[in-house]
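S.K.: Need the 3D shape of this:
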Amino acid sequence: MADPTGFLKIRRKEAGNRPIHERICDYSEVEQVLNSEDRMLQASRCMDCGVPYCHWICPVDNLIPEWNDLLHKGDWKGAFERLNATNNFPEFTGRICPAGCEHSCVLSINNEPVTIRENEVAIVEKAFAEGYIKPVPPRRRTGRSVAVIGSGPAGMAAADLLNKAGHTVTLFEKEEKIGGLLRYGIPDFKLSKVTIDRRLQLMTDEGLLIKTNIMIGKDITGGELLNQYDAICIAIGSSHPRDLQIDGRALKGIHFAMDFLTRQNRINAGHYSSIDDSMIAEGRKVLVIGGGDTGSDCVGTAIRQRAECVTQIEILPKPPIYPAIDNLWPEFRKTLKTSTSQEEGCERMWGLSSKRFIGDEENVKGVEVEDVKWDKKNGKYTMTCLPGTGRIIESDFVLLAMGFVHPVIDGLVTELGLELDQRGNIKVDQNLMTNRHKVFAAGDSVDGASLVVKAIASGRKAAKEIDRFLKNV
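M.R.: Residues are numbered from 1 along each chain as shown. Purely as a prediction, here's the structure:
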């Protein structure tokens, strides 16, 4: 695979990012690209591993050693064909995946894994540039119809494979454009929306039907869908945000992170009509509550909006610089990470619990916080508040980025009477079918809020199960 001794001769080389002073002035993608020669050299570092743990950990089962070998040899087209065999949208995952494959790379033992994620996006971008990627409509139609509800990564993946299988597929989206979280939740500086539009054009050229601005359960009932389609795939995501119900929650200036991010993405796309400035961070002291990727995206967006200052707090303890003794290779390493947004200027704090919002009669002015201590007993972590550590963080603009609890239940889910699991997600069997005949579900609506690559994998599985179902009815 590639050059078995390449890692001894070639050091890991990343493409790097645009200079901070430049990128905070716009919403263009932060990450840069390597030239083709350097990229092929980086692929040569992929060893002939006896067990490719990179493949083992990848949710979509990417054939990583195989396409690295082809890339190293200069066979870009062959590399793309191997990549495309398992991943519908490598141009998405190559940009925003946390790359568990690199954590599991054998070279990660010495902290110099193969640049797998960057290799992936380089391969697919070369394929687009060279014209390897062209519409390939199915040769024949099966006469079966499928409705896919929700056009995030799971819905797009399911719709793409089902359409390629020859079924007549309609992809429904409640917003004005397709993409779900990819379009409205992820900032442009991480994923340009041109990348989504390019892929959608391919899918429509292959015969996929798209209907936007339609709220299923309102504009079209679930009963109508059951009568009109041979199968239904629900991929509505997990969009019910986790709230922080403490004193002062009703004060103005406290917003959910996704509302903030969506607004900016709409502005960038030129289709935001509101003149309301209440959700603009310019000149404000921004506090982001939540230390995950969504919180990081809020940091980068607030900085670009010219916030006076940005602080990000997390209730969990500060991650270690090096992996814990029970978190070693080839597992995903839970260590301290600094995102490109956090690099741009942000004070970060850990182990803080928010007690109440402070404000005047209407507007938030700060948040009272308290230090917490975490202890592990019998394999479970418990949190203890530390008396005497209370203090106030000044802020007139607070963003709640604490994740999501479950899909929106009101509407389609309730109307169809779909069973839910203990966490409030849609309950499915091993074939991803719900308790309603011919109704399937996939992605975050089933698994809870997770990674884009996991949603794609779930959408692919749903498509295969639906295809099998349609062939047997």
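S.K.: hey, where'd the strands end up in the stretch 151-300 of the chain?
M.R.: Under the criterion DSSP state E, counting those that start in this stretch, the stretch 151-300 of the chain contains strands at 168-172, 209-211, 231-234, 240-241, 254-256, 285-289.
S.K.: for the shortest one, packing partners?
M.R.: Where contact means 3 or more Cβ pairs under 8 Å, 6 or more residues apart in numbering; DSSP states H and E, strand 240-241 is packed against strand 404-406. In this view, the C-beta of every residue, glycine as well, is placed from N, C-alpha and C.
S.K.: which stretch in the strands of the stretch 151-300 of the chain has the least confidence?
M.R.: Least confident of the strands of the stretch 151-300 of the chain, judged by mean pLDDT, is strand 240-241 with a mean of 94.
S.K.: Note down every partner strand of it and its orientation.
M.R.: strand 404-406 (antiparallel) (DSSP bridges).
S.K.: Out of the strands of the stretch 151-300 of the chain, which one sits most buried?
M.R.: strand 231-234 (a mean of 28; mean count of other Cβ atoms under 10 Å).
S.K.: gap between it and the chain center?
M.R.: 22 Å (Cα atoms, centre = their mean, to the nearest Å).
S.K.: helices or strands next to that strand in the packing?
M.R.: Against strand 231-234 (3+ Cβ pairs under 8 Å, 6+ apart) you get strand 145-149, helix 153-164, strand 439-441, helix 452-471.
S.K.: what about 10 Å?
M.R.: Applying 3 or more Cβ pairs under 10 Å, 6 or more residues apart in numbering; DSSP states H and E, one finds that strand 231-234 contacts strand 145-149, helix 153-164, strand 168-172, helix 222-228, helix 412-416, strand 439-441, helix 452-471.
S.K.: so which of those gets nearest Ala302?
M.R.: Ala302 lies closest to helix 452-471 among the helices and strands packed on strand 231-234, at 22.6 Å (Cβ to Cβ).
S.K.: how's this protein carved up into domains?
M.R.: Per automatic domain parsing, the structural domains of the chain span 6-130, 145-239+405-471, 243-402.
S.K.: Just the element for the residue lying farthest from the centre of the chain, please.
M.R.: Distance from the centre of the chain peaks at Gly388, with 38.6 Å (Cα atoms, centre = their mean). Assessed by DSSP states H and E, Gly388 sits outside every helix and strand.
S.K.: picking that back up, tell me the most buried of the helices and strands packed on strand 231-234?
M.R.: It is helix 153-164: most buried of the helices and strands packed on strand 231-234 by mean count of other Cβ under 10 Å, with a mean of 28.
S.K.: so where is this structure shaky, pLDDT-wise?
M.R.: For the chain, applying pLDDT under 70 flags the ranges 1-2, 272-276.
S.K.: redo that, cut-off 80
M.R.: Low-confidence segments of the chain, defined by pLDDT under 80: 1-3, 271-277, 379.
S.K.: follow-up on the earlier one: dump the helices and strands packed on strand 231-234 into CSV; add distance to Glu22 as well.
M.R.: Below are the helices and strands packed on strand 231-234 laid out as CSV (distance: least, Cβ to Cβ, whole Å):
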stretch, distance to Glu22
strand 145-149, 40
helix 153-164, 30
strand 168-172, 37
helix 222-228, 48
helix 412-416, 44
strand 439-441, 43
helix 452-471, 27
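S.K.: Would you mind measuring from Val446 to Asp467?
M.R.: 18 Å (Cβ to Cβ, to the nearest Å).
S.K.: Nearest to Glu394 among the helices and strands packed on strand 231-234 would be which one?
M.R.: Judging the helices and strands packed on strand 231-234 by Cβ to Cβ, what sits closest to Glu394 is helix 452-471, at 34.9 Å.
S.K.: Can you name every helix or strand that the closest one contacts?
M.R.: helix 90-96, helix 100-104, strand 145-149, helix 153-164, helix 181-184, strand 231-234, strand 439-441, helix 444-447.
S.K.: Adding distance to Lys461, write the ones you listed out as a markdown table.
M.R.: Shown next, in a markdown table, are the helices and strands packed on helix 452-471 (distance: least, Cβ to Cβ, whole Å):
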| stretch | distance to Lys461 |
| --- | --- |
| helix 90-96 | 16 |
| helix 100-104 | 18 |
| strand 145-149 | 14 |
| helix 153-164 | 9 |
| helix 181-184 | 19 |
| strand 231-234 | 11 |
| strand 439-441 | 10 |
| helix 444-447 | 10 |
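S.K.: ok so, going back, give me whichever of the domains of the chain is most buried.
M.R.: Note that of those, domain 145-239+405-471 is the most buried (mean count of other Cβ under 10 Å), with a mean of 21.
S.K.: what's the closest of the strands of the stretch 151-300 of the chain to Ile220?
M.R.: strand 168-172 (7.7 Å).
S.K.: residues in contact with the spatially closest residue to Pro52 that is not a sequence neighbour?
M.R.: Among residues not flanking Pro52 along the chain, Pro65 sits closest, at 5.0 Å (Cβ to Cβ, 6 or more residues apart in numbering). By Cβ atoms under 10 Å, 6 or more residues apart in numbering, the contact list for Pro65 reads Met1, Ala2, Cys46, Met47, Asp48, Cys49, Pro52, Cys54, His55, Arg82, Val114, Ile116.
S.K.: out of those residues, which one sits closest to Met156?
M.R.: Arg82 (21.1 Å).
S.K.: Surely the closest one is in contact with Asp61?
M.R.: No. Between Arg82 and Asp61 there is no contact under Cβ atoms under 10 Å: 11.6 Å.
S.K.: show me the contacts for the residue most central in space within the chain.
M.R.: Central residue of the chain (Cα atoms, centre = their mean): Val452, 3.7 Å from the mean position. Counting by Cβ under 10 Å, 6+ apart, Val452 touches 59, 89, 92-93, 95-98, 152-154, 157, 180-182, 185-186, 191, 443-444.
S.K.: please redo it, this time with the cut-off set to 8 Å
M.R.: Going by Cβ atoms under 8 Å, 6 or more residues apart in numbering, Val452 touches Phe92, Thr93, Ile96, Cys97, Pro153, Leu181, Leu182.
S.K.: now Lys427
M.R.: Contacts of Lys427 (Cβ under 8 Å, 6+ apart): Leu418, Glu419, Leu420, Asp421, Thr434, Asn435.
S.K.: got it, and Glu173?
M.R.: Glu173 neighbours (Cβ under 8 Å, 6+ apart): Gly150, Ser151, Gly179, Gly180, Ile210, Lys211, Thr212, Asn213, Ile214.
S.K.: which residue sits closest to the last one in space, ignoring its chain neighbours?
M.R.: Distances taken as Cβ to Cβ, 6+ apart place Phe172 nearest to Ile214, at 5.4 Å, with adjacent residues excluded.
S.K.: how far away is the one you found from Glu206?
M.R.: Where Glu206 is concerned, Phe172 sits at a distance of 18 Å (Cβ to Cβ).
S.K.: do Ala250 as well
M.R.: Counting by Cβ to Cβ - Ala250 and Glu206 are separated by 49 Å.
S.K.: between the strands of the stretch 151-300 of the chain, which one is nearest to Cys25?
M.R.: Smallest distance to Cys25 across the strands of the stretch 151-300 of the chain (Cβ to Cβ): 17.9 Å, for strand 285-289.
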